[in-house]
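In: Only the shape, not the letters, is given here:
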């Protein structure tokens, strides 16, 4: 008995749509030397504020705030943004306010950020810390494409919060940072994976008494790494309520700082100090703290 012809037809898998990117922003340098937003496509849940010229920033630097208008990150969300700094542009991008990762009972959430800095560019991506609510499950990804002569400052940070009478803790937080050259070769990488229950135990070597954590990096090739490490250590070691380490990244790729702090206030002071120290080393001018 012959089988029906339909059984032998090849299975056709429909092409998958590429992941949706909710925010694409490109910056360029004008002939006057000022940096500006040259292209933008920003949709829900993000909102992009107007370009600011802030005191004590380098001449011509563009500062923008990319904020969430949805109230935070929710279960099942896959948020993606791309920031592109053109040749010789100078850009500071922050969130202006902390982002809440809400309780996630059904599915985890992910936020992916792509940073591209072309030759001679200075790109600062320094969002405020993520606030992890009880049962939050979040995967944070930051991928940097570093062109020759470019400089990128970035951080990935979180702290904890529980509503009144709620004694729960986040489920897990995972952070992946990658720095690659334009050809795709990996220059440096950093991975962090932490479960809330491990943090709750306050184990030495895991979290001890510290409740907030951040990774801060200045990436770029040809930097005076030993000088930068010494400057960071001198600036940060005097700050209270924190524990940190400063190290060189591989492949002549810059410096990295891991910060643990007792709370969000101490973490913010450490991150501001690291940023101000590196900005002064690069430009000769330390920035003002953006918000109290």
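Out: That came through, no problem. Only a predicted model underlies this, so the values are computations on that prediction, with no experimental measurement involved. Residues are numbered from 1 along each chain as shown.

In: Please, where are all the helices along the stretch 51-200 of the chain?
Out: For the stretch 51-200 of the chain, the helices defined by DSSP state H, counting those that start in this stretch occupy 196-200.

In: which residue ranges form the strands in it?
Out: For the stretch 51-200 of the chain, the strands defined by DSSP state E, counting those that start in this stretch cover 62-68, 78-85, 90-94, 99-101, 109-117, 122-125, 130-132, 137-146, 151-160, 172-180, 186-195.

In: and of these, who's closest to residue 24?
Out: Among the strands of the stretch 51-200 of the chain, the nearest to residue 24 by CB to CB is strand 78-85 (4.8 Å). Just so you know, the C-beta spots here come from the backbone N, C-alpha and C atoms, and that holds for glycine as well.

In: Does anything pack onto the lengthiest helix in the chain? Which helices or strands?
Out: Counting by DSSP state H, the longest helix found in the chain is helix 264-283. The contact analysis (3 or more CB pairs under 8 Å, 6 or more residues apart in numbering; DSSP states H and E) places helix 264-283 against strand 122-125, strand 151-160, strand 212-219, helix 225-236, strand 242-248, strand 254-261.

In: Buried residues, the fifth one. List them.
Out: Pointing back at strand 242-248 there. Within strand 242-248, the residues that qualify as buried are 242, 244, 246, 248, counting by 16 or more other CB atoms under 10 Å.

In: out of these, who's nearest residue 212?
Out: For the buried residues of strand 242-248, the closest approach to residue 212 (CB to CB) belongs to residue 242, at 8.8 Å.

In: Can you tell me the closest non-neighbouring residue to that closest one?
Out: Leaving aside its sequence neighbours, residue 242 sits nearest to residue 261 (CB to CB, 6 or more residues apart in numbering; 4.3 Å).

In: Near the one you found, how many residues? Count them for me, please.
Out: Per other CB atoms under 10 Å, the neighbour tally for residue 261 reads 26.

In: I'd like the distance between it and residue 214.
Out: Residue 261 sits 8 Å away from residue 214, going by CB to CB, to the nearest Å.

In: any residues in contact with both of these two?
Out: Residues touching both residue 261 and residue 214 (CB atoms under 8 Å, 6 or more residues apart in numbering) are 267, 270.

In: in this structure, what secondary structure element scores lowest on mean pLDDT?
Out: When the helices and strands of the chain are scored by mean pLDDT, DSSP states H and E, helix 196-200 comes last with a mean of 88.

In: Counting neighbours, which bits of that one end up buried?
Out: Across helix 196-200, burial judged by 16+ other CB under 10 Å covers 196, 199.

In: Pull the residues that contact it.
Out: By CB under 8 Å, 6+ apart, the residues outside helix 196-200 that reach it are 132, 134, 160, 169, 170, 171, 172, 173, 206, 207, 211.

In: give me that answer again for 7 Å
Out: Under the contact criterion CB atoms under 7 Å, 6 or more residues apart in numbering, helix 196-200 has outside partners 169, 170, 171, 172, 206, 207.

In: So among those, which ones count as buried?
Out: Listed as buried from these are 169, 170, 171, 172, 207; burial here means 16+ other CB under 10 Å.

In: thought the second one was touching residue 109?
Out: No. In this structure, residue 170 is not within contact of residue 109 by CB atoms under 7 Å, at 11.5 Å.

In: Give me the pLDDT for the nearest residue to residue 248 once chain neighbours are set aside.
Out: Excluding its sequence neighbours, the residue lying closest to residue 248 (CB to CB, 6+ apart) is residue 225, at 4.9 Å. Here the pLDDT value assigned to residue 225 is 97.

In: Skipping adjacent residues, who's closest to residue 191 in space?
Out: Ranked by CB to CB, 6+ apart and with sequence neighbours excluded, the top spatial neighbour of residue 191 is residue 176, at 5.4 Å.

In: Closest to residue 57 out of the buried residues of strand 242-248?
Out: Taking CB to CB as the measure, residue 57 lies nearest residue 246 of the buried residues of strand 242-248, at 24.7 Å.
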